[in-house]
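S.K.: What follows is a predicted protein model with its sequence.
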Amino acid sequence: MKFVLIFGPQAVGKMTVGQELANLTGLRLFHNHMTIDLVNPFFDYSTKEGKRLVHLFRMEIFEAVAKSNLEGMIFTYVWAFNHQPDWDYVDKVCNIFEARGGTVYFVELEANLNERLERNKSPNRLANKPTKRNIEWSENDMRLSMEKYRLNSYDGEITRKEYIRINNTNMSAEEVAKVIKERFNL
């Protein structure tokens, strides 16, 4: 079982890279907005109930996939490195797969803010993430989160062997996916 965790700030290209990586590898993509947008018609993600339901659905899917005969999955996540509960969450998710003999691959994406602001308006993002269609709100959310959270790691902070950091500011999603596939022999 392979579990590829693609993380980085909003609109860095996690989902789009995940889509390309899924096409190249046959691994299933579970981008983080699949659960956020499922719950959103009932409870906003910023609410206690919204977060509880998103967490519950994700954990159930992780457990089911880890127990299955699938080759693996790709998951996207915005990881706040200065927020200990995010570290705990990542450890918990990784443990689900590692406890069953799976291998976890960490892929960190980074891109400059101007590029992310452009990607925030891309047709693919807006088609797959209904809660991001209010561009003004989404851009403001990006800026506010940058003030509150550190959304990329410090050099050497992630010590896992199966880890790669890619600045994809000037790379296509297909190019990034090829780099990931080759680096981890997926």
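M.R.: That came through, no problem.
S.K.: now stretch 159-167, how far from the chain's geometric center?
M.R.: In terms of Cα atoms, centre = their mean, to the nearest Å, the centre of stretch 159-167 is set 14 Å apart from its chain centre.
S.K.: quick one: average pLDDT of that stretch?
M.R.: Averaging pLDDT along stretch 159-167 gives 97.
S.K.: Return the set of buried residues in that stretch.
M.R.: By 16 or more other Cβ atoms under 10 Å, the buried positions in stretch 159-167 come out as 163, 166-167. Every residue, glycine included, has its C-beta placed from N, CA and C.
S.K.: Turn those into CSV, including secondary structure.
M.R.: CSV is the format used below for those (DSSP: H, G, I helix; E, B strand; the rest coil):
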residue, secondary structure
Tyr163, strand
Ile166, strand
Asn167, strand
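S.K.: Nearest to Gly13 among those residues?
M.R.: The nearest member of those to Gly13, counting by Cβ to Cβ, is Ile166 at 9.5 Å.
S.K.: beta partners for that closest one?
M.R.: Judged by DSSP bridges, the bridge partners of Ile166 are Leu109.
S.K.: Identify the residues contacting it.
M.R.: Ile166 sits next to 107-110, 176, 179-180 when contact means Cβ atoms under 8 Å, 6 or more residues apart in numbering.
S.K.: how far away is the closest residue to Glu20 other than its chain neighbours from Asn185?
M.R.: Closest residue to Glu20 apart from its sequence neighbours, by Cβ to Cβ, 6 or more residues apart in numbering: Ala177 at 3.6 Å. From Ala177 across to Asn185, the span is 14 Å (Cβ to Cβ, to the nearest Å).
S.K.: More neighbours: these two, which one.
M.R.: Ala177 (25 against 5; other Cβ atoms under 10 Å).
S.K.: tell me how far the ends of stretch 110-125 are from each other?
M.R.: 17 Å (Cα to Cα, to the nearest Å).
S.K.: Could I get the full set of strands for the protein?
M.R.: Assigned by DSSP state E, the chain shows strands spanning 2-7, 28-30, 72-77, 103-110, 163-167.
S.K.: Tell me which of those lies nearest to Arg143.
M.R.: Closest approach to Arg143 among these (Cβ to Cβ): strand 103-110, 16.6 Å.
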